[in-house]
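Visitor: My questions are about this predicted structure, shown below with the sequence.
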Amino acid sequence: MFLLNSHQDHKRALDPIDQETFSAGAVSEVERFLAHRPNHAPTRLHRLPDLARRLGVGSILVKDESTRLGLGSFKALGGSYAVIRLVLEEASRQLDRPVDIGELTAAPVRRIAAGMTFACATDGNHGRSVAAGAELVGARAAIFVHAGVSDERVAAIARFGAKMIRVNGTYDDSVAEAEAVSAKEGWTVVSDTSWPGYERIPALVMQGYTAMLNEAIRALDATPTHVFVQAGVGGLAAAVAGYFDTVFGADRPTLVVVEPDRAACLFASARAGQAVKIEHGEPTIMAMLECYEPSLVAWRILTRAADGFMTIGEADAMEAMRCLAFPAGGDPAVVAGESGAAGLAGLQAAMKDPQIRDALGLDPQSRIFVINTEGATDQARYEAIVGLKPADVQVAA
């Protein structure tokens, strides 16, 4: 399904608070913080000319986050960045002086961090980022996971020393439980979704994502004409939309939000003209995108800066995963998980549908930008879908 954004705020300027989130100064701060991470390195921007020819577009660029900070997902940027910022702010308050990133390992700051616990709900990747950030600063982490999170993803979070808490029900149930328990225990919630009265920390998480977009901009030969970006609660999609709106202004690319058809809360919100919560249905293999209520901050941004909303099916995601693992011609191979390949799956689905293709103005001159948001974070599922272990995919060195 596809829907053009007809919200009354579409193409209005971003809210002032969102303009600050994506300002040049704020984005520079994210990269300055990243420079202090011992395993920081820019991720690759793959060019897929053979696939572009096959689909009938001018070019396809894939920002590959499967190697980000050793965590295998773009979310390594958001949660850990917010944790570091919050520790430094608390240290500044307690020490009654400004404390910057260079003091992160200093004994007074470590003592303060040791008394802090950061909590979040997760489908997997965000929890790993928060847990890794807490371990880095010497704080504690409590991570809430719902019934659909695989044991492999739970183990990947637990290895950072996090306390793991299973919650019956959906992702939204785990968000509510994390908030309730954290309020009782005095923990700091670092969520990638937002609700009334809770916006600043999710905005910091989104701000962290801009580092990969800055990297991409520096590597681009020309401004993209179209962006297909996957969404769960909408944090990444809003970060991309807000960042490109800030950088390119009126010349920004056409941005399409892509969701699983089994968990399309943003599509439903766009159709309703307001943020809505949808009913939980059959689980999707795109587990990182299985969310049923939008982040309010993300929705506010997307009403202004997204141009279209579309849904994809399970088969679409699997086709995109195989397409990246077994590329045509001389294109590089890319290891992409079910959620990671969803942006490309949206492009492929759009090019098969003349109505969507024409509505978006997709043609042989179009320059497409997508993000492989994660690698094979569930390796058993990846092997079942692709037919190879991730290590056996012939990824270019």
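Guide: Received the coordinates, thanks.
Visitor: gap between the residue of the chain most remote from its centre and Ala113?
Guide: Distance to the chain centre peaks in the chain at Asp96, reaching 34.6 Å (criterion: CA atoms, centre = their mean). According to CB to CB, to the nearest Å, Asp96 stands 17 Å off from Ala113. Using the backbone N, CA and C atoms, a C-beta is placed for each residue, glycine as well.
Visitor: who's in contact with stretch 82-90?
Guide: 33, 99-101, 103-104, 109, 112-113, 116, 118, 130, 133-134, 136-137, 139, 188, 190, 201, 204-205, 208 (CB atoms under 8 Å, 6 or more residues apart in numbering).
Visitor: From those residues, list the buried ones, please.
Guide: Neighbour counting by 16 or more other CB atoms under 10 Å classes 33, 99, 101, 103-104, 109, 112-113, 116, 118, 130, 133-134, 136-137, 139, 188, 190, 201, 204-205, 208 among the contacts of stretch 82-90 as buried.
Visitor: Out of these, list just those in helices.
Guide: 33, 109, 112-113, 130, 133-134, 136-137, 201, 204-205, 208 (DSSP state H).
Visitor: In contact with the spatially most central residue of the chain, which residues?
Guide: Nearest residue to the geometric centre of the chain (CA atoms, centre = their mean): Leu236, 3.9 Å. For Leu236, the contacting residues are Phe74, Met206, Tyr209, Val229, Gln230, Ile371, Thr373, by CB under 8 Å, 6+ apart.
Visitor: Which one of those residues is nearest to Tyr171?
Guide: Distances from Tyr171 to these, taken as CB to CB, are shortest for Gln230 (15.2 Å).
Visitor: neighbours around the closest one, how many?
Guide: Neighbour count of Gln230, defined by other CB atoms under 10 Å: 29.
Visitor: where does the stretch 251-397 of the chain have low pLDDT?
Guide: Of all residues in the stretch 251-397 of the chain, those with pLDDT under 70 make up the ranges 396-397.
Visitor: for it, what spans make up the strands?
Guide: For the stretch 251-397 of the chain, the strands defined by DSSP state E, counting those that start in this stretch occupy 254-260, 308-312, 367-372.
Visitor: Identify the residue nearest Leu136 in space, chain neighbours excluded?
Guide: Closest residue to Leu136 apart from its sequence neighbours, by CB to CB, 6 or more residues apart in numbering: Ser80 at 6.7 Å.
Visitor: Gln348 now?
Guide: Per CB to CB, 6+ apart, closest to Gln348 is Ala320, 6.1 Å.
Visitor: all helices of the stretch 151-300 of the chain, in order?
Guide: Using DSSP state H, counting those that start in this stretch, the helices assigned to the stretch 151-300 of the chain run over residues 151-158, 171-185, 200-219, 235-248, 265-272, 296-305.
Visitor: Out of the ones you listed, which gets nearest to Asp363?
Guide: Comparison of these against Asp363 by CB to CB identifies helix 235-248 as nearest, at 19.8 Å.
Visitor: still on that earlier bit, just send the strands of the stretch 251-397 of the chain back as TSV, with distance to Asp9 and mean neighbour count too.
Guide: Listed next are those as TSV, based on distance: least, CB to CB, whole Å; neighbours: other CB atoms under 10 Å:
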stretch	distance to Asp9	mean neighbour count
strand 254-260	15	26
strand 308-312	14	25
strand 367-372	24	26
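Visitor: Can you name the residues that contact Thr21?
Guide: Ala203, Met206, Gln207, Gly242.
Visitor: Give me the distance between it and Val229.
Guide: 17 Å.
Visitor: And Trp195, by the same measure?
Guide: 22 Å.
Visitor: quick one, which of the two is more surrounded?
Guide: Between Trp195 and Val229, counting by other CB under 10 Å, Val229 is the more crowded of the two (24 against 15).
Visitor: So what pairs up with the more buried one in the strands?
Guide: Val257 (DSSP bridges).
Visitor: Please tell me how far it sits from Ala183.
Guide: 32 Å.
Visitor: cool, and Gly169?
Guide: 19 Å.
Visitor: Could you tell me how many residues sit around the nearest residue to Pro390 once chain neighbours are set aside?
Guide: The spatial neighbour of Pro390 that comes closest, neighbours along the chain excluded (CB to CB, 6+ apart), is Ala376 at 3.9 Å. Neighbours of Ala376 under the rule other CB under 10 Å: 25.
Visitor: which residues touch Ala376?
Guide: Ser66, Gly72, Val335, Ala336, Gly337, Tyr382, Pro390 are the contacts of Ala376 under CB under 8 Å, 6+ apart.
Visitor: any idea what the first one is structurally, helix, strand or coil?
Guide: In the three-state summary, Ser66 is assigned as coil, counting by DSSP: H, G, I helix; E, B strand; the rest coil.
Visitor: isn't it right up against Ala333?
Guide: No - look at Ser66 against Ala333 with CB atoms under 8 Å: they stay out of range, at 11.3 Å.
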